[in-house]
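In: Here you go, sequence then predicted model.
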Amino acid sequence: MTATVARAAEIDPFPTDSGALITTVLDTRGVGGRLVRCLVEVPPGATHAGVAGPGGELWFVTAGDGELTCGPEPGQPPAAVSRRLGPDHGSWLPAGTSYDLRAPESGSVHLDVVALPGPGPEPAPAPPPGPAAPLISDLRSCDVERTGDRTFRVLFGPGRGCPAATQFVGDIPPGRAPVHSHTYDEVVLVLAGAGIAHVAGAEHGIGPGTCVYLPPGQQHCLENPGPAMLRVLGVFQPGGSPAAKKEAP
């Protein structure tokens, strides 16, 4: 597995039939990982429609307001389930969930989407009949947790609606954390601020739209040279606590 740094501004988006623009920032399957991270822009009046893959999807809205409609599954009679999504809202869409996110005529919607891997070589179990209600988590309602001088808030994870993976937002003040590693596959997206990713002995400048893939056991740390806060959105699989780490000797 190979650590990777990618920048959304350097990748061309592709348009979908429903009007959305999708930028695949990282497909870690090409370097031995299992996560796929895309940035989606839904222009005014357009939609982002599809079906969540065999491992489900974790969404996070970075800008705009939209209406998310999920279900029913093909051939099922119950009515669809609709939810409003706004800035700093996360959403967990289990495997097989059909979705349609519509942007209003007055503005676009921007969101981060991380597709999780399926359960393994065996086919995923069929979703239950009827509409699959998406789970919504508002970052502002999540408890603030701390590791060292850094804070984070978990939107989804084991015991928090998503047993397969963890989605969190972390705030990194000026400074540099000790070099450390984790036991899980992780993709980190910079939401705000600027910093330096120290990965495998190399330094990478990072800013909004930069995505970093960290395979299990990869030594790394993020540095914030200041003065502003560095905010990141992380997803890792399998799920656990963002505070769990092993510092380098």
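Out: Perfect, I can see it now. Numbering: from 1, shown residues only.
In: residues touching Ile11, list them.
Out: Thr23, Thr24, Val25 (C-beta atoms under 8 Å, 6 or more residues apart in numbering). To be clear about C-beta, it is placed using only N, CA and C from the backbone, and glycine gets the same treatment.
In: any idea how far the first one lies from Val190?
Out: Think Thr23. 14 Å (C-beta to C-beta, to the nearest Å).
In: Likewise for the last one?
Out: The span separating Val25 from Val190 equals 11 Å under the rule C-beta to C-beta.
In: Could you save the contacts of Ile11 as a markdown table and add columns showing pLDDT, secondary structure and neighbour count?
Out: Shown next, in a markdown table, are the contacts of Ile11 (pLDDT from 0 to 100; DSSP: H, G, I helix; E, B strand; the rest coil; neighbours: other C-beta atoms under 10 Å):
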| residue | pLDDT | secondary structure | neighbour count |
| --- | --- | --- | --- |
| Thr23 | 97 | strand | 19 |
| Thr24 | 96 | strand | 17 |
| Val25 | 95 | strand | 24 |
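In: Which one of these is nearest to Gly175?
Out: Val25 (26.3 Å; C-beta to C-beta).
In: you'd agree that closest one is up against Glu10?
Out: No - in this structure Val25 lies outside contact range of Glu10 using C-beta atoms under 8 Å: 9.6 Å.
In: Do I have it right that Thr24 meets Val36?
Out: Yes - with contacts counted by C-beta under 8 Å, Thr24 reaches Val36, the gap being 6.9 Å.
In: Flag the shaky bits of the protein, pLDDT-wise.
Out: Applying pLDDT under 70 to the chain picks out residues 72-80, 120-133, 247-249.
In: and with 50 instead?
Out: For the chain, residues meeting the criterion pLDDT under 50 lie at 73-74, 76-77, 121-131.
In: Show me where it has its helices.
Out: With DSSP state H, there are no helices along the chain.
In: what domains does the record give for it?
Out: 4-122+130-137, 140-247 (automatic domain parsing).
In: In contact with Asp138, which residues?
Out: Asp88, His89, Gly90.
In: what's the closest of the residues you listed to Ala200?
Out: Gly90 (29.6 Å).
In: excluding its backbone neighbours, what's nearest that closest one?
Out: Leu155 (3.6 Å; C-beta to C-beta, 6 or more residues apart in numbering).
In: what's the spacing between the one you found and Gly240?
Out: Distance of Leu155 to Gly240, given as C-beta to C-beta: 14 Å.
In: now do Glu203
Out: 27 Å.
In: again with Gly50
Out: Taking C-beta to C-beta, one finds Gly50 at 28 Å from Gly240.
In: list the contacts for the spatially closest residue to Lys246 that is not a sequence neighbour?
Out: Excluding the flanking residues, the one nearest Lys246 by C-beta to C-beta, 6+ apart is Ser181, at 5.3 Å. When contacts are counted by C-beta under 8 Å, 6+ apart, Ser181 touches Pro216, Gly217, Gln218, Gln219, His220, Lys245, Lys246, Ala248.
In: so the first one touches Gln237, yeah?
Out: In other words, Pro216. No - using C-beta under 8 Å, Pro216 is not in contact with Gln237, being 10.1 Å away.
In: Among those two, which residue is more densely surrounded?
Out: The neighbour comparison of Pro216 against Gln237 (other C-beta atoms under 10 Å) goes to Gln237, with 21 against 15.
In: For that one, give the beta-bridge partners.
Out: Assessed by DSSP bridges, Gln237 has beta-bridge partners Asp185.
In: and it, what is it in contact with?
Out: Gln237 neighbours (C-beta under 8 Å, 6+ apart): Arg34, Leu35, Leu116, Pro117, Ala164, Ala165, Thr166, Tyr184, Asp185.
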